[in-house]
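J.: Following is a predicted model, sequence given first.
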Amino acid sequence: MAKQYETVIGLEVHVELATKTKIFCGCSTAFGGAPNTHTCPVCTGMPGTLPVLNKKVLEYAVAVGLATNCTVTRYGKFDRKNYFYPDNPQNYQISQLYLPICRDGSVEIETEAGKKQVGIHEIHMEEDAGKLIHDEWEDCSLVDYNRSGVPLIEIVSEPDMRNAEEVIAYLEKLRMLIQYLGASDCKLQEGSMRADVNLSVREAGAAEFGTRTEMKNLNSFRAIARAIEGERERQIELIESGQKVVQETRRWDDGKGESYAMRSKEDAQDYRYFPDPDLAPIVISDEWLAEIKAAQPEFRTEKMARYKKEYGIPDYDIEIITGSKHMADLFEETVRLCGEPKKVSNWLMVETLRLLKERGMDPEDICFSPENLAKLIRLVDGKSINGTVAKEVFEIMFEKDIDPEKYVEEKGLETVSDEGALRRAVEEVIAANPKSVEDYRNGKGKAIGFLVGQTMKAMKGKADPGMVNRLLKEML
Ligand SMILES: [Zn+2]
C-alpha cells in the first residue's frame, strides 16, 4: 500500500504598514514615484545618520498583535540583521530577533472541514529593502531606494496548516483583520502583503517534522495554492526515491508551474544579529496600550451582528459586504445618505460583484463614492431614469466615479414622462407591427412584450416600461 503523507505548512507574512512616512526617517512611503526620489541620508544608509522610530509603526504593530490575540512585549528592542546585498545600503536590516513586539497569538480560520486555530509564533517590526531592477539596462542592474525603510511587520505563524485551503483561509483572515484596522491595504499584487511558505512533508502519524523548504515570490492566492501542491509533490518524490529534501529557499515560477532553488536556507546565526545601538529600547506604557485597545475597530463578527439588527438585509449579503472593510464602509455611508439598505445592498451584490468578477478586481479596488451611489438610487426611486439606464450609468460610475445626476443630464438620459410623446411612439409601433397587434388581439398575451420592446427602442431606452405597457394595452 502506498504511504500516506502529511503536509506541514507555516507562513511568514510580510505586511507593509500604511504609514505616510518611513519607519526611521521622514521620507514618503507612497507607492511608485520616480526612482530614488523618496530618499534621504537615513534610508540610503549614509554613515553618521541616526534612525528615529516612527511611533505610528509601533502603534500599528501593537494593534495587529491585539487583533490576533498576541501578548504584547512591553519592553522591546531592535536588532541588526547583517547581510550584504545592493538593495540594502546599510549592509544590515533593522529588524527584531530577541524581543519581537508580539508573541503567542492565534487566529481562527474556517474551511470546509470546520473551524481551526492557527497559532502565531510572533510578529516583529522591520524595514523593507530597496528594489533592484535587472531588465532595463543590458550590462548592469539599477537600484531604487524608494522602498528602502518602508515599515513592515512580519507575522510568523506556527506550522499549524496542512493544506492550501487552510493557508488561503489564514491569509484571508489576516488580510481582513489588518484591513479592518487600516494598518495596511494588503495588496498581494503590489507587494504590500507578501507570503513566504515553509513546507515539509512527513509520513502520516510521524511525530518529527520533515526537512522544510521556503518558497518565495508568491504574489497571488492562486500562485500560493499551486506552489504548495507542486512543492508537496516534489518532496514526496524525493523521499520515495530514497533522496533527501534539502533545507533551502526556492523561487516559485508561476508561469512554468515549478520552483527552483535560490539559496540554501539560512538560520538566524548566519546573520550575526546584535542589538541595534542606535535605537533606544521600546517601552509600552499601560496607558498607551489601553488607548490602542480602546481604538480597535468593530471587527467583522460584531459588524455582522449589528447589520442583522439594523439593516434587515439577507445573511448572505451581510457576509459578502462585511468580508471587505472597504465595501462595508461604502455600504454604511451610502445607507446613511439615502436610507435604503436593501437597495444599496442590491447594487453591491448584483452589479458591483458582477463587474469585480468580470475585471478580476478586489472589493478594495471599488472606486465609486457613497455620495454617487446614493444619487443613482435616488434617480431610480424618483423615476428619473429606468432600471436599464441606471445599469448603464452604474457601469460608468464603477469605472470613473462620475456624478450620475450630471451624467444623466449631460447625456439626456432622463426618462421621457411626456405622455403625448409616448403615445405617438406607441401609435407608430402599432402601425408598423400589424402581425403582433393581430396576435395580441387573438389572445396571444405574450405579443405585447415584443411591442413594449419596440417602443422602448423607439424611445432610445428612455421610457418607463410600466407606462409603455399601460399605454399599449389602452390603445390596442
Ligand atoms: Zn529617508
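T.: Yep, it's here.

J.: rest of the way, CA atoms for contacts and neighbours
T.: Will do.

J.: what distance separates the start and the end of stretch 138-147?
T.: 23 Å (C-alpha to C-alpha, to the nearest Å).

J.: Can you list the buried residues in it?
T.: Neighbour-count burial for stretch 138-147, counted by 16 or more other C-alpha atoms under 10 Å, picks out 144, 145, 146, 147.

J.: Stretch 99-108 now?
T.: 99, 100, 101, 102, 103, 104, 105, 106, 107.

J.: Can you name the residues in contact with the longest helix belonging to the chain?
T.: As assigned by DSSP state H, the longest helix anywhere in the chain is helix 221-240. Under the contact criterion C-alpha atoms under 8 Å, 6 or more residues apart in numbering, helix 221-240 has outside partners 5, 7, 163-165, 168, 197, 199-201, 215, 218, 244-245, 252, 254, 257-259.

J.: counting contacts, what elements does the very next helix or strand once past that helix pack onto?
T.: The helix or strand immediately downstream of helix 221-240 is strand 248-253, counting by DSSP states H and E. Using 3 or more C-alpha pairs under 8 Å, 6 or more residues apart in numbering; DSSP states H and E as the contact definition, the elements that strand 248-253 packs against are strand 213-218, strand 258-264.

J.: among those, which is nearest the ion?
T.: strand 213-218 (26.2 Å; C-alpha to the ion).

J.: Touching that closest one from outside, list them.
T.: For strand 213-218, contacts defined as C-alpha under 8 Å, 6+ apart pick out 194-200, 224, 227, 246-253, 259, 265.

J.: which non-adjacent residue is nearest residue 451?
T.: The spatially closest residue to residue 451, leaving aside those adjacent along the chain, is residue 429, at 6.9 Å (C-alpha to C-alpha, 6 or more residues apart in numbering).

J.: Run a quick check on the one you found versus residue 455, I expect a contact.
T.: Yes. Judged on C-alpha atoms under 8 Å, residue 429 makes contact with residue 455 at a distance of 6.3 Å.

J.: Correct me if wrong, but residue 351 is in a helix.
T.: Yes. Residue state for residue 351 (DSSP: H, G, I helix; E, B strand; the rest coil) corresponds to a helix.

J.: Output the longest strand belonging to the protein.
T.: Ranked by residue count and defined by DSSP state E, the top strand of the chain is strand 114-127.

J.: Could you name the helices and strands sitting against that one?
T.: Based on contacts counted as 3+ C-alpha pairs under 8 Å, 6+ apart, the elements that strand 114-127 packs against are helix 55-67, strand 92-95, strand 102-111, strand 151-157.

J.: repeat that with 10 Å
T.: Contacts of strand 114-127 with other secondary structure elements, assessed using 3 or more C-alpha pairs under 10 Å, 6 or more residues apart in numbering; DSSP states H and E, are made with strand 5-16, helix 55-67, strand 71-72, strand 79-82, strand 92-95, strand 102-111, strand 151-157, helix 164-181.

J.: Reformat the ones you listed into a markdown table and put distance to the ion and mean pLDDT next to each item.
T.: Written out in a markdown table, the entries for those read as follows (distance: least, C-alpha to the ion, whole Å; pLDDT from 0 to 100):
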| stretch | distance to the ion | mean pLDDT |
| --- | --- | --- |
| strand 5-16 | 16 | 95 |
| helix 55-67 | 15 | 97 |
| strand 71-72 | 28 | 96 |
| strand 79-82 | 18 | 95 |
| strand 92-95 | 14 | 95 |
| strand 102-111 | 26 | 95 |
| strand 151-157 | 12 | 97 |
| helix 164-181 | 25 | 95 |
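
J.: Just name the most buried of the ones you listed.
T.: Using mean count of other C-alpha atoms under 10 Å, the stretch among the helices and strands packed on strand 114-127 with the greatest mean number of neighbours is strand 151-157 (a mean of 25).
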